[in-house]
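A.B. asks: when you get a sec, could you give me coordinates for this:
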Amino acid sequence: MTQVPDKPTVDGLEAKWSQRWEDDGVYRFDRTAPRERVFSIDTPPPTVSGSLHMGHVFSYTHTDHIARYRRMAGDEVFYPMGWDDNGLPTERRVQNYFGVRCDPALGYDPDFVPPPDGGDPEAVGSRGEIAISRRNFIELCHVLTAEDELAFEALWRQLGLSVDWSMTYATIDERCQRVAQRAFLENLARGEAYQIEAPSLWDVTFGTAVAQAELEDRERPGAYHRIAFGRVDSQGAQNGPNLSSTVEIETTRPELLAACVALVAHPGDERYQPLFGTTVTTPLFGVEVPVVAHKLAEPDKGTGIAMICTFGDTADVTWWRELNLPVRAIVDRRGRIAADPPPGIEGDGPREAYRYLAGRTVGGARNATVELLRESGDLIGEPRPITHAVKFFEKGDRPLEIVSSRQWYIRNGGRDQDLRDALIARGSEMTWHPLYMQGRYTNWIEGLTGDWLISRQRYFGVPIPLWYPLDDAGEPVWDQPITPDDGTLPVDPSADVPTGYDDTQRGRPNGFVGDHDVMDTWATSSLTPQIACGWSEDPDLWERTYPMDMRPQGHDIIRTWLFSTAVRSHLGHDCAPWRHCALSGWILDPDRKKMSKSKGNVVTPVDLLDTYGADAVRYWAANGRPGTDTAFDEGQMKIGRRLAIKLLNAAKFALALDGSTATGDEARRMKAAVLATLSTRNPDGLLLLGTHVRNSIDTALLVELSRLARTATEALEGFDYARALERTEQFFWRFTDDYVELAKGRAYGSQGPEAAADAHLTLTVTLDALLRLFAPFLPFVTEEIWSWWRRGSVHKAPWPSAEHIHSLAEPVQSHTDALHLTAAVLAEVRRAKTEARLSLRVEAEQVTVSAHRSDVEVLETTRADLIDAGRIANLSLVADEAPAHPEVSVVLAADAC
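C.D. replies: Residues are numbered from 1 along each chain as shown. The predicted structure follows:
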C-alpha cells in the first residue's frame, strides 16, 4: 500500500536509514557467493590521525557509487573498511594531543595515567612535554586511535558509505601485524628482503630513514658559493697561487667540504678532460681527492664541475656507488656535524677548522664554513642567492639529509631490470580509470633509483620480527637473523624472547638483541588486499575475493600505495592484486591548491553534511570526473539538495495518483504486474505481459528512459559515475519540466480512464527507474521514496534494464520525438503568456503551429495533451514543407489582455 507523507523532507534521513540498513544487514557480504558473483573492493584505510576532510569525502564517495551500482547489477559486493592507524601521523597526533614524548630509554610504568589536560593545546603548551616509555607511548596511541576510529565510522555512516561494518580492520591490530610480519618473513625467505648498511634518506625531525616514494620537493631560498680547489701536479707538489693552479666549483652546500671525496665533470666536457685522473685538494681541510668523469654531471650547471660529498644528495650516492669512492660522512642523525672528523683530515689547521664546525646544525655549519672560506681566500666573490627545489620527507619540517645506516629493503625493481619490467607488465593486467593513469605507474617504476626501504626508527608500527645473535664481544651478527615461529606471530622483538634464549641474555655477549625498528606504514598498507581477503588466515574468504576487483585511490599515491601493493602481490602471489584501478583527483581550494591537513587549507565535512544533507554532499562529489582535480564548490551542494527535494515532490505527485479512481481496477492491476516484473532480473518478463503504453508522449518518454538506462549502465561499467549522474539528472529535469506538465491533466482523468491509466503507468515505471538510477548517488532520498510504495531496499533492487523499459513503449518510430516536439510548442505558448504578464492558467484563444508535415503528424497524436497543458481553446496544426522547426503563433483572449 502506498503511504506518502504529507510533508516529505530530506532532513533526518541519514540517521533513519543508516540505522535501518545496519539492522537489516542490507550491505552485509554473503560469504556463500561464488567467486564469479563477487565484486571485491580494496578500500583505502584512511589515516586515523585527527579528522577527515572534504578530500576524503570526495574520493570515498566515488568508491561507494561503484559499490552500490555493482550490488544492484547483481554482484555480491565485498566492501570492508580499514583504519590506517600506525606510523608517523599517529605518533605526531599523540605527541601534540597529550603533550608527551617517547623516550625508549625509560622503563614501562604500569601505573601511568594519561595527562588530564590532553586535548587542551594551551595547557599542554604551558607545561611542556612529558617523557614516557615506548610501551606507555604505544598504549596512548591505541587509546587515541580507538576514539578516532569511532568518529570516522560515524561520519562514514552519515555520508552513506555502503560498507559492511562487520568486516573492519586496523593496520596495527593483532591480525594485521601477524599478516604483515608473515609477509615480511616470506620476503626474507625468498631473498626479496635484505638488510644493508648504506646511505639512506634521513628525516632529522622524526629521526628516521624514509623511502624514495615519500619525498617531495619544496622551493627554498639558497645560494651558490664559488669555491677554489687547489691542483696537485704529478709529483704531488701543489702548484702556485696563479689562476691555472685552481679548479673552481659552485655548490649550495659548502658545509660539506669536509665530506668531499672527488670532483666530477661530464666525460665529454673538453674544459675538464685534462684534469681526469689528476687530484685536487679541498680548501680548509687539505684532503687530496680525485677528479673523475661521469655522464650525470651537467656541463651547463654552475662551472660544469661539481664536488661529490658523502652525502649531499641522491646524485652523490649514485656517483659514490658507481665510481667506488670512499665514505667521509660528517652529518649525524640529529642533523648536526659529527664531533669526530672523517679520515684524511690531518694537521692542526684542518683539524681546528673542523672543530669550529663540529656540533653545529647543518645551517649553522654552512654559515661558519662561508666565514672560514672568506678568511682563507678560497671563496670566490660573494654567495649568489637562488631559489631551488629541496627534498623533504612529505611529513617533515626540515630538509632531508643522507646518512649511512643499517636498514631493511624489499626488492622493487630499482636495481633489477627484469623485476622492473615484470612490475611494469603487471600494470597492463589492470584496467585503469582513467586510462592515462597507467603512464604514471610506469613512469614511476622507470625512475626508481633503489629498492624499497621499509624499516623506520620509530615506535608505533609493526615491529621487524627478527632478533640477532651477539658474538663474544656483544656485537650483533647481522647476517644471521633469528626468525620467530609462525605460530608465535605477531612478535615484538624489543619485549619478546626468541626460541632457545631467555630474557637474561638480552643485550649480553653470546646472547641476543631484538630489532628495534618498525616497518614503514606502507609495508603494512601494501598488504590491504591480503589483510581484507584473509590471506593465510581465512582460506575460504581468500578464494572468494582475491585478486580483488577494484582498487580506488588518489592519483598522488600511485607511487606509494598502488605500486607497493603491486610489488607485494607480484612477489607473493604472482599476479596483479586487482582487475581495476579507479583513480580520484584532488580537491582544490579557491587558490587551486590541493586540500590537505599539512597545508592547513582543509574544509571538514560535518557542518556541510548537517547543513545540506549527505545526498547533497555526495552529489557534489559525483560531479568530479574520475582522476580529475576538482575545486571545492558549496554551490554544487545547494544544487544537490534542490535535486533531492525535487525528487521527493515528483514522487509525491506520481504516487498520490494511486488513490485516484480515474485509473480503474484494471489499470491498477496492470501497474502491479509491471512493477512485479521490474523487480525481477528477467529481461523478457514484460514482453510476456503483452502490455505497452499507447500515448505517443508516453512512448517517447519510455524510449528515452530506456536509452538513459543503457547509457548509465555503460558509464558505470566503465567506472564513469559522473557521466551516469549527469545523464540521469538531465533526464529527470526533462521529465519533471516537460512530461509531467504535459501528462498532468490526462493523469487526473481529463481524457478518460484508459488515457489516465497510460499516464499512471508511465509515471510509475519512470519513477521506479529513476529511483534505481539515482540510488548510487542519492542513497537516502531514494530509499525514503522507495519505502513509500515498495518492499525491501532500493539498494538491493535490480539495476534498471533498458530492455524491460523499452518493451513497454508502443513501437512506433515516428513517435519517439513526440515529447521533445510537444514540449517545445508548449514552451512557446507559455512564453507568450509570460511576456503578456499573465498567469499560465489563462486560456489561449488560438494557437497556430506551422510545421513540417512529419512534425504535424506527431503533434496530431499529442493534441489532447498539448491543449490540456497549454489551456488552449483552439489549436490549428498547419503542414508546411519549409520550416525546420515549428513556428508557433499565440493569440490570447482579448479580455485576458
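
A.B. asks: hey, let's count contacts and neighbours off CA atoms from now on
C.D. replies: Noted.

A.B. asks: contact partners for Thr848?
C.D. replies: 875-878, 888-890 (C-alpha atoms under 8 Å, 6 or more residues apart in numbering).

A.B. asks: looking at these, which are in strands?
C.D. replies: In strands, judged by DSSP state E, the following of these are found: 875-878, 888-890.

A.B. asks: from the residues you listed, list the buried ones, please.
C.D. replies: With neighbours counted by 16 or more other C-alpha atoms under 10 Å, these contain buried members at 875, 877-878, 888, 890.

A.B. asks: quick check, nearest of the ones in strands among the contacts of Thr848 to Lys593?
C.D. replies: Nearest to Lys593 among those, counting by C-alpha to C-alpha, is Val888 at 51.1 Å.

A.B. asks: count the neighbours of Gly25 for me.
C.D. replies: Residues lying near Gly25 (other C-alpha atoms under 10 Å) number 13.

A.B. asks: that one and Thr168, how far apart?
C.D. replies: Gly25 sits 15 Å away from Thr168, going by C-alpha to C-alpha, to the nearest Å.

A.B. asks: any stretches of the protein with poor pLDDT?
C.D. replies: The chain contains residues with pLDDT under 70 at 1, 50, 233-244, 597-598, 658-692, 810-815, 895-897.

A.B. asks: in it, which residue is closest to the centre?
C.D. replies: Residue closest to the mean C-alpha point of the chain, counted by C-alpha atoms, centre = their mean, is Gly554 at 2.6 Å.

A.B. asks: find the nearest non-adjacent residue to that residue, please.
C.D. replies: Distance criterion C-alpha to C-alpha, 6 or more residues apart in numbering; nearest residue to Gly554, sequence neighbours excluded, is Ser584 at 4.8 Å.

A.B. asks: buried stuff in the single longest helix found in the chain?
C.D. replies: Counting residues, the longest helix in the chain under DSSP state H turns out to be helix 134-159. Using 16+ other C-alpha under 10 Å as the test for burial, helix 134-159 gives 134-138, 140-142, 144-146, 148-149, 152-153, 155-159.

A.B. asks: and Asp768, how many neighbours?
C.D. replies: Residues near Asp768, counting by other C-alpha under 10 Å, number 21.

A.B. asks: using CSV, write out the CA atom coordinates for the helix or strand where it lies.
C.D. replies: Using DSSP states H and E, Asp768 maps to helix 753-774. What follows is helix 753-774, C-alpha atoms only, in CSV (Å, rounded to 0.1, in the frame of the first residue of the first chain):
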residue,chain,number,x,y,z
PRO,A,753,-9.8,6.2,-17.7
GLU,A,754,-7.7,4.4,-20.4
ALA,A,755,-5.6,7.6,-21.2
ALA,A,756,-5.2,8.2,-17.5
ALA,A,757,-4.0,4.6,-17.0
ASP,A,758,-1.3,5.1,-19.6
ALA,A,759,-0.1,8.2,-17.8
HIS,A,760,-0.1,6.5,-14.5
LEU,A,761,1.8,3.5,-15.8
THR,A,762,4.4,5.8,-17.5
LEU,A,763,4.8,7.8,-14.3
THR,A,764,5.2,4.6,-12.2
VAL,A,765,7.7,3.0,-14.5
THR,A,766,9.7,6.2,-14.8
LEU,A,767,9.8,6.9,-11.1
ASP,A,768,10.8,3.3,-10.4
ALA,A,769,13.7,3.5,-12.9
LEU,A,770,14.8,7.0,-11.7
LEU,A,771,15.0,5.8,-8.1
ARG,A,772,17.2,3.0,-9.1
LEU,A,773,19.4,5.2,-11.4
PHE,A,774,19.8,7.8,-8.7
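
A.B. asks: any idea which helix or strand comes after it?
C.D. replies: Next along the chain after helix 753-774, taking DSSP H and E as the criterion, comes helix 779-789.

A.B. asks: quick one: list the elements packing against whatever helix or strand comes next after that next one.
C.D. replies: Where DSSP H and E defines the elements, the next helix or strand beyond helix 779-789 is helix 802-806. When contacts are defined as 3 or more C-alpha pairs under 8 Å, 6 or more residues apart in numbering; DSSP states H and E, helix 802-806 sits against helix 685-689, helix 696-717.

A.B. asks: which among these is found nearest to Ile130?
C.D. replies: Closest of the helices and strands packed on helix 802-806 to Ile130 is helix 696-717, at 53.1 Å (criterion: C-alpha to C-alpha).

A.B. asks: can you give me the distance of Trp478 to Arg568?
C.D. replies: Between Trp478 and Arg568 the computed distance is 24 Å (C-alpha to C-alpha).

A.B. asks: okay, the two: which has more neighbours?
C.D. replies: Each of Trp478 and Arg568 has its neighbours counted (other C-alpha under 10 Å); Arg568 has more, 25 against 14.

A.B. asks: does that one sit in a helix or strand, and which one?
C.D. replies: helix 563-573.

A.B. asks: contacts for the helix or strand that that helix is followed by, please.
C.D. replies: Counting by DSSP H and E, the next helix or strand C-terminal to helix 563-573 is strand 578-584. Residues outside strand 578-584 that contact it (C-alpha under 8 Å, 6+ apart): 59, 62, 429-434, 437, 546-555, 625-629, 719.

A.B. asks: ramachandran angles for the residue nearest to Glu382 when sequence neighbours are not counted?
C.D. replies: Distances taken as C-alpha to C-alpha, 6+ apart place His225 nearest to Glu382, at 7.1 Å, with adjacent residues excluded. Dihedral angles of His225 (phi, psi; degrees, to the nearest 10) stand at phi -120, psi 120.

A.B. asks: contacting residues around His225?
C.D. replies: Applying C-alpha under 8 Å, 6+ apart to His225 gives the contacts 250-254, 379-380, 382-384.

A.B. asks: how does it look with 6 Å?
C.D. replies: By C-alpha atoms under 6 Å, 6 or more residues apart in numbering, the contact set of His225 is 250-251, 383.

A.B. asks: looking at these, spot the one nearest Tyr194.
C.D. replies: Using C-alpha to C-alpha, the contacts of His225 come closest to Tyr194 at Thr251, 34.6 Å.

A.B. asks: and that closest one, how far is that from Leu188?
C.D. replies: Using C-alpha to C-alpha, Thr251 is found at 41 Å from Leu188.

A.B. asks: the nearest residue to Tyr612 once chain neighbours are set aside: neighbour count?
C.D. replies: Excluding the flanking residues, the one nearest Tyr612 by C-alpha to C-alpha, 6+ apart is Arg641, at 6.1 Å. When neighbours are counted by other C-alpha under 10 Å, Arg641 registers 24.

A.B. asks: ok, now Val370?
C.D. replies: Under the neighbour criterion other C-alpha under 10 Å, Val370 is assigned a count of 20.

A.B. asks: secondary structure class for it?
C.D. replies: Assigned by DSSP: H, G, I helix; E, B strand; the rest coil, the conformation of Val370 is helix.

A.B. asks: can you show me the helices along the stretch 201-350 of the chain?
C.D. replies: Counting by DSSP state H, counting those that start in this stretch, the stretch 201-350 of the chain has these helices, from start to end: 314-322, 348-357.

A.B. asks: still on that earlier bit, can you say which of the helices and strands packed on helix 802-806 is packed in most?
C.D. replies: Using mean count of other C-alpha atoms under 10 Å, the stretch among these with the largest mean neighbour count is helix 696-717, at a mean of 22.
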